[in-house]
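In: Here's a sequence, model it:
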Amino acid sequence: MRALVELARAAGRGPVSAAMIAKQQGLSVAYLEQLLHRLKRGGIVTSVRGPKGGYRLAREAQQITIGEVVRTLDGEVTVHHGKASDNHRHAQRIIHAVYRCVHERLAHALDEVTLQDLCDEAQALSDEPEHRYVFYI
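Out: Reported below is the predicted structural model:
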C-alpha cells in the first residue's frame, strides 16, 4: 500500500523507479519488484522501460480500491476447515458462518476504500505540506 500511495502522489509527474520507492519507504528493492510485478499483472500499475522508466498507476487513484489491491496481492481469501468429528461439526459450522460473515463484511469495506482515500488520509496525518517549497514574502 505504501508503494501505491507513493505512485499516486507522483501521478502526472512520470514513472517512479522501484529503487526510489524502496528507498523512501525503507523496503527491499527485490521484494518491492515482486509486489509491483503482481500489481502489474493485476492491472493496477503499468511499467515503463528505460533510464527514465519505472512504475505508475494504471488508473486514477480514486478508481483503485483497497479490496482490489488485497485480492491482487493475496488472492481471494477463503475460510477452510478440515474434516471434523461428529461431536465438533455443529460448532465448526457456527464458527465457519461467523468467519464467512466477517470476511464478507471486511471484503465489502475494503472495496469501499480507494487508494485516493488512503492518500488523503496520509496527507492529513502528515506534518509535511504536499509541496516541498517554502516561500517567504
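
In: State the phi and psi torsions of residue 64.
Out: Note on residue 64: backbone dihedrals following degrees, to the nearest 10 are phi -110, psi 120.

In: by contact count, what packs against the worst-scoring helix or strand of the chain on mean pLDDT?
Out: Least confident helix or strand of the chain, by mean pLDDT, DSSP states H and E, is helix 86-112 with a mean of 84. Here helix 86-112 touches helix 66-74, going by 3 or more Cβ pairs under 8 Å, 6 or more residues apart in numbering; DSSP states H and E. The way it works is simple: take the backbone N, C-alpha and C, and place the C-beta from them, glycine included.

In: What segments of the chain are strands?
Out: Listed in chain order, the strands of the chain (DSSP state E) span 45-48, 54-57.

In: quick one, which of those is packed in tightest?
Out: strand 54-57 (a mean of 21; mean count of other Cβ atoms under 10 Å).

In: Let me see the mean pLDDT of that one.
Out: Averaging pLDDT along strand 54-57 gives 96.

In: residues of the least confident helix or strand of the chain that come out buried?
Out: Across helix 86-112, burial judged by 16 or more other Cβ atoms under 10 Å covers no residue at all.

In: Measure how it sits relative to helix 66-74, angle-wise.
Out: Put simply, helix 86-112 runs at 120 degrees to helix 66-74, going by axes from the mean of the first three to the mean of the last three Cα atoms, to 10 degrees.

In: where does the chain have low pLDDT?
Out: For the chain, applying pLDDT under 70 flags the ranges 76-87, 127-137.

In: repeat that with 80
Out: 75-91, 126-137 (pLDDT under 80).

In: Just the residues contacting stretch 2-9, thanks.
Out: Stretch 2-9 has contacts (Cβ atoms under 8 Å, 6 or more residues apart in numbering) with 16, 21, 24-25, 27, 32, 35-36, 39, 44-45, 55-57, 61, 64, 69, 115-116, 118-119, 122.

In: Filter those residues down to just the buried residues.
Out: Using 16+ other Cβ under 10 Å, the buried members of those are 16, 21, 27, 32, 35-36, 39, 44-45, 55-57, 61, 64, 69, 115-116, 118-119.
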